[in-house]
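Colleague: next come a sequence and a model predicted from it.
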Amino acid sequence: DGGITQSPKYLFRKEGQNVTLSCEQNLNHDAMYWYRQDPGQGLRLIYYSQIVNDFQKGDIAEGYSVSREKKESFPLTVTSAQKNPTAFYLCASSTPGLGQNEQFFGPGTRLTVL
Amino acid sequence: LAKTTQPISMDSYEGQEVNITCSHNNIATNDYITWYQQFPSQGPRFIIQGYKTKVTNEVASLFIPADRKSSTLSLPRVSLSDTAVYYCLVGPSYNQGGKLIFGQGTELSVKP
């Protein structure tokens, strides 16, 4: 089955530690995205990449970093510089040929920083 | 990017038709209107998208008036499983560097 996988589903870290969230897709999509969702809020764009080895900052990139070395992978690192890292993180992908603004989302990773 | 305004919450009963209206007064010429559904602790799921007039698929209908300053998502005969948050988004297409801007969404509660 084609889809997007995010691991792990739940992640706990101590304050001050960097943590990397995994996102893999086997849909052969060109673009990948990272969003953050806080309780009762909509999604906010952290970073996105429309092609391998290239990515752009979204609206809340501070304290986060990404890489796009392979088409199918777009890992997100939450650094110690991120002031409030506890949130639900969602990865998505898209490609030309889908609906104009159709993105496929993964199941999400819930990060809790203690 | 155009800002959207939609009701924070709505209640309905099983079997009813539900209409959720979204206001987007500053929509640009090359913007599309897209709706997503999200269940708790899951990623959003694309429902429907349109540019003007009416679009219908197996899940919903989307009504867009001529001035495109608003849109209405119509869910026919809702069931308990339609209880979710519905997001209205407005923005340019993927090929134009489109980014999705999610507002707070409308929390729909379907009761028996």
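Modeller: Received it, and whenever you're ready, just let me know what you need. Numbers count the residues shown, from 1 in each chain, chains lettered A, B, ... in the order given.
Colleague: okay, CA-based contacts and neighbour counts for the rest of this
Modeller: Noted.
Colleague: need the contact list for B:Gln37.
Modeller: B:44-47, B:84-87 (Cα atoms under 8 Å, 6 or more residues apart in numbering or on different chains).
Colleague: the closest residue to it other than its chain neighbours bridge partners, please.
Modeller: Nearest residue to B:Gln37, sequence neighbours excluded (Cα to Cα, 6 or more residues apart in numbering or on different chains): B:Tyr86, at 4.6 Å. Legend: beta-bridge partners of B:Tyr86 under DSSP bridges are B:Gln37, B:Thr106.
Colleague: list the contacts of A:Asn53.
Modeller: So A:Asn53 contacts A:67-70 (Cα under 8 Å, 6+ apart).
Colleague: want to try JSON lines for the contacts of B:Gln37, with pLDDT and neighbour count as columns?
Modeller: What follows is those, written out as JSON lines (pLDDT from 0 to 100; neighbours: other Cα atoms under 10 Å in any protein chain shown):
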{"residue": "B:Pro44", "pLDDT": "94", "neighbour count": "25"}
{"residue": "B:Arg45", "pLDDT": "94", "neighbour count": "18"}
{"residue": "B:Phe46", "pLDDT": "92", "neighbour count": "19"}
{"residue": "B:Ile47", "pLDDT": "95", "neighbour count": "20"}
{"residue": "B:Ala84", "pLDDT": "97", "neighbour count": "18"}
{"residue": "B:Val85", "pLDDT": "97", "neighbour count": "22"}
{"residue": "B:Tyr86", "pLDDT": "97", "neighbour count": "28"}
{"residue": "B:Tyr87", "pLDDT": "95", "neighbour count": "29"}
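Colleague: just to revisit the earlier point, most neighbours out of the contacts of A:Asn53, which is it?
Modeller: A:Arg68 (19 neighbours; other Cα atoms under 10 Å in any protein chain shown).
Colleague: tell me the secondary structure at that one.
Modeller: coil (DSSP: H, G, I helix; E, B strand; the rest coil).
Colleague: wait, it sits on A:Phe74?
Modeller: Yes. A:Arg68 lies in contact with A:Phe74 (Cα atoms under 8 Å); the separation is 5.2 Å.
Colleague: rewinding a little: nearest to chain B, of the contacts of A:Asn53?
Modeller: A:Arg68 (17.5 Å; Cα to the nearest Cα).
Colleague: distance check, the closest one against A:Phe105.
Modeller: A:Arg68 sits 17 Å away from A:Phe105, taking Cα to Cα, to the nearest Å as the criterion.
Colleague: near chain B, from the contacts of A:Asn53?
Modeller: The subset of those within reach of chain B, by Cα under 8 Å from any Cα of the partner chain, is empty.
Colleague: possible to save those as a markdown table with pLDDT?
Modeller: As requested, the contacts of A:Asn53 are arranged in a markdown table below (pLDDT from 0 to 100):
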| residue | pLDDT |
| --- | --- |
| A:Ser67 | 97 |
| A:Arg68 | 97 |
| A:Glu69 | 97 |
| A:Lys70 | 97 |
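Colleague: residue ranges in chain B under the pLDDT threshold?
Modeller: B:1-2, B:94-98 (pLDDT under 70).
Colleague: quick one: contacts for the residue nearest to B:Gln37?
Modeller: B:Tyr86 neighbours (Cα under 8 Å, 6+ apart): B:35-38, B:105-108.
Colleague: give me that answer again for 10 Å
Modeller: Contact analysis of B:Tyr86 by Cα atoms under 10 Å, 6 or more residues apart in numbering or on different chains lists B:6-9, B:20, B:35-39, B:44-47, B:73, B:103-108.
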